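Colleague: Can you look at this prediction? I've put the sequence above it.
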Amino acid sequence: MNRTGPAFYHQLFGDKKPKAVYYKRDFPDYALMIVISAVVVVLAYGPRHIFSIAGVALCVFELAMFIVRHGFELRVPLILRRPQDVLYMVLYKLGNLRPAYFLAIGVLLLENFLIGATPAWPHRVELMRRIFLGLFYLHFIGLTLFRTASLVDHFAKKELVREVLMQTPWQRVIKHDTNVVLEILHAYSTGVLTHIIVLAPWYLVITHSSFSLVFLAATCVLNVMVYGRWLKVVNSWFYRDHWLGHNSELEFIFLHGPHHDAIPSGLIAVGENGFLEGFLRFAIGSPVALHNRGEERPRRPSVHSGNFSSNLQGLYGGLSASDASLRTDYSVQLRIQVRPASHHRRKEKGDRQDQA
């Protein structure tokens, strides 16, 4: 199909149901999504890994926060009422794959084949794996320390956070009596859990593939070339995936929704990914993990046209700036991130009519 127009980028096999927020009736599907997220973490890292222990604990916290913030309603899950949407989701992901993804797989497989074909060469596979795992953990620790410093700053300016949010459409959630500390902690938890799950494909590549010191220079050059091809299509790939995240009800609930559930702060930022969404994007979408690289390059803001979310939540846009610049930066994020309150009132009214 031609990937230059709405026929591709706005293609839906099922019903179009734009969605930007969770409701209490989403609880059964949300709970299932959280369980799947925990299973993915444990299977990827192993049951005794610190990421698995922390990931499962964060999943429990996220589920509890859903009940506290939205309530819950027991009903037949959407995934059981419309199981065909799971097949559609798979077709969407496969249909949005780009040649750079397959080239990256080819480079990885070629290196592993050559290592197996030349066992006498000094490939130093174990040394390479230790180095890459060290870089993997350094990446996570560095960003988590930054995220934690931002968390402390948010706590110190919690009343400013409340004031800014109450001047935006988030006033429907944040009130004078809202426990804003819990909201900030929820945003931090969302960011850390998303980061753990997003990194899982990279971890699996490091631990289940072989890398050669002999071929290091050649693979670096090839990966840079492949990545250059990817940069030419990353915006269109992301636009398609992001549009589905807001127009397919199942994709929002199971993939993209967590990214919009927490307050729109840099604390949640992991490349605009939800929990399972990040895992799928880097497992069957972006070639970044196959390059043995950490995370995606920030995308240009032209992709979004101010539609549903900002370009990248801005991990570096926390509450550490002066109050004046903070108000400006935080408000800009909110204006881009959140639809007007009137939109949500119309959406809730329509949903109630649909449910009736």
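Modeller: Arrived safely, thanks for sending.
Colleague: Not counting its neighbours along the chain, what's nearest P18?
Modeller: N247 (5.4 Å; Cβ to Cβ, 6 or more residues apart in numbering). C-beta here means a position set from N, CA and C on the backbone, and glycine is covered the same way.
Colleague: which ones are touching that neighbour?
Modeller: Counting by Cβ atoms under 8 Å, 6 or more residues apart in numbering, N247 touches 10, 12, 16-19.
Colleague: Let me have those in a markdown table, adding pLDDT as columns.
Modeller: Shown next, in a markdown table, are the contacts of N247 (pLDDT from 0 to 100):
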| residue | pLDDT |
| --- | --- |
| H10 | 92 |
| L12 | 92 |
| K16 | 88 |
| K17 | 90 |
| P18 | 92 |
| K19 | 92 |
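Colleague: could the residues you listed go into JSON lines alongside neighbour count, secondary structure and distance to L109?
Modeller: Formatted as JSON lines, the contacts of N247 follow (neighbours: other Cβ atoms under 10 Å; DSSP: H, G, I helix; E, B strand; the rest coil; distance: Cβ to Cβ, whole Å):
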{"residue": "H10", "neighbour count": "13", "secondary structure": "coil", "distance to L109": "34"}
{"residue": "L12", "neighbour count": "13", "secondary structure": "coil", "distance to L109": "34"}
{"residue": "K16", "neighbour count": "9", "secondary structure": "coil", "distance to L109": "38"}
{"residue": "K17", "neighbour count": "17", "secondary structure": "coil", "distance to L109": "39"}
{"residue": "P18", "neighbour count": "15", "secondary structure": "coil", "distance to L109": "40"}
{"residue": "K19", "neighbour count": "21", "secondary structure": "coil", "distance to L109": "38"}
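Colleague: from those, which is closest to H186?
Modeller: Using Cβ to Cβ, K19 comes nearest to H186 of these, at 19.7 Å.
Colleague: Let me know whether the closest one touches F252 as I believe.
Modeller: Yes - the pair formed by K19 and F252 meets the contact definition of Cβ atoms under 8 Å, at 4.2 Å.
Colleague: Which neighbours do those two have in common?
Modeller: Counting by Cβ under 8 Å, 6+ apart, the shared contacts of K19 and F252 are H246.
Colleague: Show me the shaky parts of the stretch 1-150 of the chain.
Modeller: 1-4 (pLDDT under 70).
Colleague: now the strands: where do they sit in it?
Modeller: For the stretch 1-150 of the chain, applying DSSP state E, counting those that start in this stretch gives no strands.
Colleague: L280 contacts K93, doesn't it?
Modeller: Yes - L280 is in contact with K93 according to Cβ under 8 Å; the separation is 6.3 Å.
Colleague: For these two, indicate the residue with more neighbours.
Modeller: More neighbours surround L280 than the other of L280 and K93, with 23 against 18 (other Cβ atoms under 10 Å).
Colleague: Return the residues in contact with the more buried one.
Modeller: Contacts for L280 (Cβ under 8 Å, 6+ apart) come out as 93, 255.
Colleague: any idea of the mean pLDDT in the strand or helix carrying it?
Modeller: Using DSSP states H and E, L280 maps to helix 275-283. Over the span of helix 275-283, the pLDDT mean works out to 96.
Colleague: Repeat that for stretch 259-266.
Modeller: 92.
Colleague: average pLDDT across stretch 170-181?
Modeller: When pLDDT is averaged over stretch 170-181, the result is 91.
Colleague: now swap in stretch 201-220 and tell me
Modeller: pLDDT averaged over stretch 201-220 gives 96.
Colleague: Contacts made by that stretch with the rest, please.
Modeller: Stretch 201-220 has contacts (Cβ under 8 Å, 6+ apart) with 44-45, 107-108, 111-112, 114-116, 118, 121-125, 127-129, 132-133, 136, 279, 282-283, 288-290, 292-294.
Colleague: Now, of those, which are buried?
Modeller: The neighbour count (16 or more other Cβ atoms under 10 Å) marks 44-45, 107-108, 111-112, 114-115, 123, 128-129, 132, 136, 279, 282-283, 288-290, 292-294 as buried among those.
Colleague: How about the contacts made by the spatially most central residue of the chain?
Modeller: Centroid check for the chain by Cα atoms, centre = their mean gives N273 as the closest residue, at 1.5 Å. Applying Cβ under 8 Å, 6+ apart, we find N273 in contact with 194, 198, 259, 281.
Colleague: Wait, T194 touches I268, no?
Modeller: Yes - T194 is in contact with I268 according to Cβ under 8 Å; the separation is 7.2 Å.
Colleague: shared neighbours of those two, anything?
Modeller: Shared contacts of T194 and I268 (Cβ under 8 Å, 6+ apart): H259.
Colleague: Can you show me the helices along the stretch 1-150 of the chain?
Modeller: Assigned by DSSP state H, counting those that start in this stretch, the helices in the stretch 1-150 of the chain fall at 6-9, 27-45, 50-70, 78-81, 84-95, 99-117, 125-156.
Colleague: before we move on, the earlier item: ok, the residue nearest to the centre of the chain to P258 distance?
Modeller: The gap separating N273 from P258 is 9 Å, by Cβ to Cβ, to the nearest Å.
Colleague: next one: L185
Modeller: According to Cβ to Cβ, L185 and P258 sit 15 Å apart.
Colleague: Kindly report the same for Q167.
Modeller: According to Cβ to Cβ, Q167 and P258 sit 24 Å apart.
Colleague: Mind checking which of these two has more residues around it?
Modeller: P258 (28 against 14).
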